[in-house]
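Visitor: sequence and predicted structure below; questions after.
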Amino acid sequence: MSGECIRVVGPRLRVGIVGAYLAARWLEPGRILELSPEPEEEHGEFLTRPNVHRFHGEIGLPIEKVMERCGGAPAFCTPAECADGATNLPFSAIGLANRGVDFHQYWLRADQICDQPELMEFSLSLALDRAASPAPASRIAQLPVEFGVRLDRALYGGALIAFAEECGARTIGDEGGCLTIDCSDAGGAPQWTGDAISVGQIPQLPGMEWHILSSMVQRLVGLTAPLAASNPERDEWNRLAAAQSERMGDMLELLSIDDPLATERLALRRKVEVFGACGRIPSEDYEVFTQSEWLAALWFRGLRPRRYHRMADNMVEAELIDWMEQLRTQIGQITKEITGQVQAA
Amino acid sequence: MDDLVDDLAGGAVKRVVIAGGGTAGWMTAAALAKIVSPSGVAITLVESEAIGTVGVGEATIPPIMKFNTQLGIDEHTFVKETQATYKLGIEFVDWGGLNQAYFHPFGRYGFDLEGIDFHQYWSRLKSQGETHGLDEYSINIRAAYAGKFLRPEPDHGAVIGQLGYAYHFDASLYAAFLRRLAESLGVTRIEGRIERVEQDGESGLISALDLDSDRRIEGDLFIDCTGFRGLLIDGTFASKHIDWSHWLPCNRAVAVACEKIADPVPYTRSTAREAGWQWRIPLQHRTGNGHVYCDEYLTAEQAEETLLANLDGAPVSSPNHLRFRTGHREQFWAGNCIAIGLASGFLEPLESTSIHLIQMGIAKLIALFPQSRDAAVERAEYNRLMRDDFTHVRDFLILHYKATKRDDAPFWDYVREMEIPESLAQKMALMQSRGRFFKYDAELFDVTSWLAVAEGQGWGPQGYNPVAGGLSDQNVCQSLANMRSTYAKAAAAMPTHQAYIERFCKAAPTSFSMEKS
Ligand SMILES: Cc1cc2nc3c(=O)[nH]c(=O)nc-3n(C[C@H](O)[C@H](O)[C@H](O)COP(=O)(O)OP(=O)(O)OC[C@H]3O[C@@H](n4cnc5c(N)ncnc54)[C@H](O)[C@@H]3O)c2cc1C
C-alpha cells in the first residue's frame, strides 16, 4: 500500500464529507487525495449533529458560511420513528440539573406533589424545534442549547466537494495502490482491512449518516497518516468504529423493539434497568447519543423510574414547584423572543 | 407510593451504618451526612480505637478538590489542620533506568496549536533533533522543581490556569478533620469493636452489628470501611478477591516518618529500589516515607534497612510493616453491604489513587443510593462501574513497571518481561507509534499522564501525527520557544511553596517523640 494516497468513493455527499476533511487536515505536498463521487446527489434534507461546528472549525470552513451559501437551518433534535409513533430526541438537557441532581428527578418529585406539564415541555431544544424560528445560527449560538444543522443534501455535498478541490483534492484519476474508503452502504459493520475501509451499513435514523462519516474520517486522521498504518492503529480504528456501531444499535433497538425490557443487548438492558430502578442513565464508552436523547427515548417508550433520587428532596416543596414554573416561563420567553426578534427584523 | 410499600415492608433505607473510622469511613460519613441525610437518612459510624487505622495514605490527586468543595471545606483551613502541603505531581527516580528521573505533572503540557495536540508538535521537533524535553512545557514541573506554588485563580491567566494540584496530608489528622466535619453534620459515632454481624435469616441481608460493649447497632444499609479485614464484605458475604498480583507483584510495605530537614517541596518522590520503590511525602511538620516491595525478592528486614538508609532526616516513628493483596472484591456491593476503601480492594500507592477510589465509590453510592435494602439493579451497576475504575487505574500502574529498561535485579526482569493486559498492550502500542491516546470515558488518567510516564521511561512516541505537519518548521519552533519562555517566566514569578504556606495556611507547630517499637 502506498503510504501517501487515499481514494474516496461512493455517494456524492458522503464523499464530500470525508474528502473535505481529508483535504483540509491530511493533504499536503507529496500526498494524493482522489475523490470519485457518484455524479448526482438527490435534493433532500440532511441532518448534521452538534459536532458539525467542531468539524467545520477543524477544516477551516465555518458552518455559518456553508449555511449562507446552501441555506440550512439549526436543528435541535433527532427526529425518530419508533414502535409507538414519531418523536424527537433533544440534543440538549431537558430542564436544568440542580446541585448535582438531574432535572427529571425533580420533575418526578414535583409531579407527585401536583400534576406537572409533560417532562418534555421542559426542553428548550424541543421548544425551539417546534417554534421553527428562522433565527440565524449566530443568534442561536448564544442560547444554552446545542444544535446541529439541517442542510440540503445536494447543495451541501456540492459545497464540500468544491472545498476539497480548492484544498487540492482531485476528482479524476485512478492512482494505483491507494487506501480506498468506500462510503456506499456496504452492509455489515464499519471495517478497515488491508487497503480498504468500508463505512458499512448506515442506519436510517437521521443524523447517523453524518455522525458515522464525520467521526470515521476524524478518527482516521487522528490515528493514521502517513498511511503506512500499522496494526495497532487499524485495530484501534476498528475497535472505536465497532463501539460506535454498538451504541447506535442500542438506540435503534430501544426505538424499535416491542418490549424494551426484553432486549438482549447488554448495554441497553443496563440502561433500561438502571433507569427504571433509580432514574440514572448509565453511559458506556464512546456514546453517540446525548443523555437527553436517551432520556427522551426511554421516556417515549413508556419507561419511568420507580422512584426519584432522594437528593431531589433537597428543595422544599414550594420552592420546587415555583422553580418548575419559572423554568417553563423562561423557556416560553426565550422561544418567543427568538421568534419575535426574527419577525421584527 | 413505592416509598410507602418499602416502608411497610420494612425495606426502606433510613439508617446507614458505617463500619470503620479510617479515611474511608469518615469520608463516606461526611459525604452521606452532607448529601443524603437531608432526605431523612441517619448515619452512624462504628470504630475501634483499639484496632486503629492503617496509618498511611498521605498523598492525593487533583480530583480530591471536587470532594472537598462538595463538602464545603475551606482549602486553607483544611491544609492548616492536616499539616498539609501542596502536590504538583510525582517525581519518578530510577524507574526507566538507573540514574534517570522524570516528572508526572498534574497539569497539562503546552498549548495546542491550530486545534492539534501540543505533544504532536513537540514530537515533530523531537524527530528533527530538537532536545527540549517535555518538562520545559509544563508549569507544574517548572514550579515543582523551583519549589514554587500559587493557587490558580481565574485572573491569573492561561499559564497559571494550567496548574493542577492536590495535597499531601497527615492521614490521622485528615481522618480527625473529617470526623469533626461529619459529626457537625449529624453523624453519630460509636466507639466499640464489632464482634459479630447479624444477618436476616431469610434474605441473608445484614440486620445489625454486635459490639464488644454488648451494644447492638441496627441498620438498613451497611458500609464496610474496616480496611484490609473487610469484616462485612468478606466475613459475611465472602465476596471473592480478584487477584492482580501477577501484574503488580508488590505485596508489602514498610512506612516510617522522619524529621523534615528543609522546606517541603511541592511534589511526591518515588524512587525505584531493588524489588519495589520508596516514597517520600513532604508535610509541614515531618516527611512521610515508605518502601513498597515484593516479598519474593526482598525480606522485611532488607526492606526496612533500605528505607532507613534513605531518609532525609532522623526517623520520628517506628517502622510500620504492612501486607497487602493487589486486586479488588468481585462484588464491591453485596446484599445490603457496600465495601469502600481498603475493604473493597487495593492497588499499590504508586500514583496515589486509593483515596480517589474511595471518592469514586462514594460518588457512585450517592448517585445510585438505594431506596430499599435489596437493590439488585443499583448493586449490579455499582459493581460494574467500580470494576471499570479499578481496571483503568491498574493499567496505568502496570505501565510504570512494564515500560522499564532496568535489568539490574530479578524483580525488574520479571516486570519487564511479564505479559500485560490486552487493554494496556493496545494503549502502549498506540502511544509508542505516534503518540496517539484514546481515553475511555470513565478513565482517570489522561494523555498528559500517559505521555509523562511513557516518555519518561523511554517508551514515548517514535513519530508524530502528520496532522501536525501543517505549520512551517519556523512557525512551530517559534511557538514552542515562546511557550518555554512563558512557562519559565511564570514559574519564576510565583511565590515559593513555603512562602505560600506561611502566608495562607501555616499549621501549628508539633513536636515528636520517638515511639517505642
Ligand atoms: C503502604 C500504603 C501506602 C498508601 N499510600 C497511599 C497514598 O499515598 N495515597 C492514597 O490515596 N492512598 C494510599 N494508601 C491507601 C490508603 O491508606 C487507604 O486507602 C486509606 O487510608 C483508607 O483506609 P481505610 O479507611 O479503608 O482502612 P483503615 O485505615 O485500615 O481503617 C479501618 C477502620 O476500621 C476499623 N475496624 C476494623 N475492624 C474493626 C472492628 N472489628 N470493629 C470496629 N472497627 C473496626 C478500624 O478501627 C479503622 O477505624 C496506602 C496504603 C498502603 C497500604
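Guide: Received the coordinates, thanks. Residues are numbered from 1 along each chain as shown, chains lettered A, B, ... in the order given.
Visitor: for the longest helix along chain B, packing partners?
Guide: If you go by DSSP state H, chain B has its longest helix at helix B:376-402. Taking 3 or more C-beta pairs under 8 Å, 6 or more residues apart in numbering or on different chains; DSSP states H and E as contact, the helices and strands that helix B:376-402 lies on are helix A:266-278, strand B:327-329, strand B:333-334, helix B:354-367, helix B:410-417, helix B:422-434, helix B:447-456. (Each C-beta comes from the backbone N, C-alpha and C, glycine too.)
Visitor: first-to-last residue distance for stretch A:281-297?
Guide: Using C-alpha to C-alpha, to the nearest Å, one end of stretch A:281-297 lies 11 Å from the other.
Visitor: what mean pLDDT does that stretch get?
Guide: For stretch A:281-297, mean pLDDT rounds to 94.
Visitor: rewinding a little: what are the buried residues along the longest helix of chain B?
Guide: Across helix B:376-402, burial judged by 16 or more other C-beta atoms under 10 Å in any protein chain shown covers B:377-383, B:385-402.
Visitor: so which of these also contact the ligand?
Guide: Among the buried residues of helix B:376-402, no residue is within reach of the ligand (C-beta under 6 Å from any ligand atom).
Visitor: which of the helices and strands packed on helix B:376-402 sits most buried?
Guide: strand B:333-334 (a mean of 26; mean count of other C-beta atoms under 10 Å in any protein chain shown).
Visitor: what packs against that strand?
Guide: Contact partners of strand B:333-334 among helices and strands, from 3+ C-beta pairs under 8 Å, 6+ apart: helix B:376-402.
Visitor: what's near enough to touch the closest residue to chain B within the stretch 101-250 of chain A?
Guide: In the stretch 101-250 of chain A, the residue that lies nearest chain B is A:Pro232 (3.7 Å; C-beta to the nearest C-beta). If you count contacts by C-beta atoms under 8 Å, 6 or more residues apart in numbering or on different chains, A:Pro232 has them with B:426, B:429-430, B:433.
Visitor: hmm, try it at 6 Å
Guide: Going by C-beta atoms under 6 Å, 6 or more residues apart in numbering or on different chains, A:Pro232 touches B:429-430.
Visitor: that one belongs to a strand?
Guide: No - counting by DSSP: H, G, I helix; E, B strand; the rest coil, one finds A:Pro232 to be helix, located in no strand.
Visitor: mind pulling the model confidence for it?
Guide: So A:Pro232 comes in at 77 (pLDDT).
Visitor: and it, how far from A:Arg239?
Guide: Here A:Pro232 is placed at a distance of 10 Å from A:Arg239 (C-beta to C-beta, to the nearest Å).
Visitor: likewise for A:Thr335?
Guide: For A:Thr335, the distance to A:Arg239 - C-beta to C-beta - is 42 Å.
Visitor: neighbour count for those two, which is higher?
Guide: Legend: neighbour count by other C-beta atoms under 10 Å in any protein chain shown for A:Thr335 and A:Arg239, higher for A:Thr335 (19 against 13).
Visitor: from A:Gly148, how far out is that one?
Guide: If you measure A:Thr335 against A:Gly148 using C-beta to C-beta, the figure is 18 Å.
Visitor: get me the contact residues on the stretch 101-250 of chain B for the ligand.
Guide: B:171, B:193-194, B:225-227, B:229, B:231.
Visitor: next, B:Ile420: phi, psi?
Guide: Note on B:Ile420: its backbone torsions stand at phi -120, psi 160 [degrees, to the nearest 10].
Visitor: okay, now it: neighbour count?
Guide: B:Ile420: 18 neighbours (other C-beta under 10 Å).
Visitor: that one reaches B:Ala403, doesn't it?
Guide: No - look at B:Ile420 against B:Ala403 with C-beta atoms under 6 Å: they stay out of range, at 9.9 Å.
Visitor: got the phi/psi numbers for the nearest residue to B:Leu232 once chain neighbours are set aside?
Guide: Take B:Leu232 and drop its neighbours on the chain: the residue closest to it by C-beta to C-beta, 6 or more residues apart in numbering or on different chains is B:Asp224, 4.0 Å away. The phi/psi pair for B:Asp224 (degrees, to the nearest 10) reads phi -90, psi 100.
Visitor: so B:Asp224 touches B:Ile233, yeah?
Guide: Yes - judged on C-beta under 6 Å, B:Asp224 makes contact with B:Ile233 at a distance of 4.6 Å.
Visitor: ok, those two, which is more surrounded?
Guide: Neighbours were counted for B:Asp224 and for B:Ile233 using other C-beta under 10 Å; B:Asp224 has more, 35 against 29.
Visitor: contacts for the lowest-mean-pLDDT helix or strand in chain A?
Guide: Within chain A, no helix or strand scores below helix A:137-140, which has a mean of 85 by mean pLDDT, DSSP states H and E. Contact with helix A:137-140 is made by A:64, A:74, A:147, as judged by C-beta under 6 Å, 6+ apart.
Visitor: if we use 7 Å, what do you get?
Guide: Contact partners of helix A:137-140, identified using C-beta atoms under 7 Å, 6 or more residues apart in numbering or on different chains, comprise A:63-64, A:67, A:74, A:147, A:338.
Visitor: list the pairing partners of the helix or strand following that helix within its sheet, with orientation.
Guide: Remark: after helix A:137-140, the chain's next helix or strand is strand A:148-152, criterion DSSP states H and E. Note on strand A:148-152: by DSSP bridges, its sheet partners are strand A:45-48 (antiparallel), strand A:73-75 (antiparallel).
Visitor: turn those into TSV, including distance to B:Pro319.
Guide: Listed next are the strands paired with strand A:148-152 as TSV, based on distance: least, C-beta to C-beta, whole Å:
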stretch	distance to B:Pro319
strand A:45-48	63
strand A:73-75	66
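Visitor: just say which of these is most tucked in.
Guide: Highest mean neighbour count among those (mean count of other C-beta under 10 Å): strand A:73-75, a mean of 22.
Visitor: out of the helices and strands packed on helix B:376-402, which gets nearest to the ligand?
Guide: With C-beta to the nearest ligand atom as the measure, helix B:354-367 is the member of the helices and strands packed on helix B:376-402 nearest the ligand (3.2 Å).
Visitor: helices or strands up against that closest one?
Guide: On a contact count with 3 or more C-beta pairs under 7 Å, 6 or more residues apart in numbering or on different chains; DSSP states H and E, helix B:354-367 meets helix B:23-35, helix B:64-70, helix B:376-402.
Visitor: what angle separates the last one from helix B:422-434?
Guide: Here the directions of helix B:376-402 and helix B:422-434 differ by 50 degrees (axes from the mean of the first three to the mean of the last three C-alpha atoms, to 10 degrees).
Visitor: then the first one?
Guide: Here helix B:23-35 runs at an angle of 90 degrees relative to helix B:422-434 (the same axes, to 10 degrees).
Visitor: can you list contacts of helix B:23-35?
Guide: Under C-beta under 7 Å, 6+ apart, the answer for helix B:23-35 is A:311, B:16, B:18, B:43, B:45, B:47, B:57, B:71, B:171, B:174-175, B:178-179, B:181-182, B:185-187, B:223, B:225, B:340-342, B:355, B:358-359, B:362, B:366.
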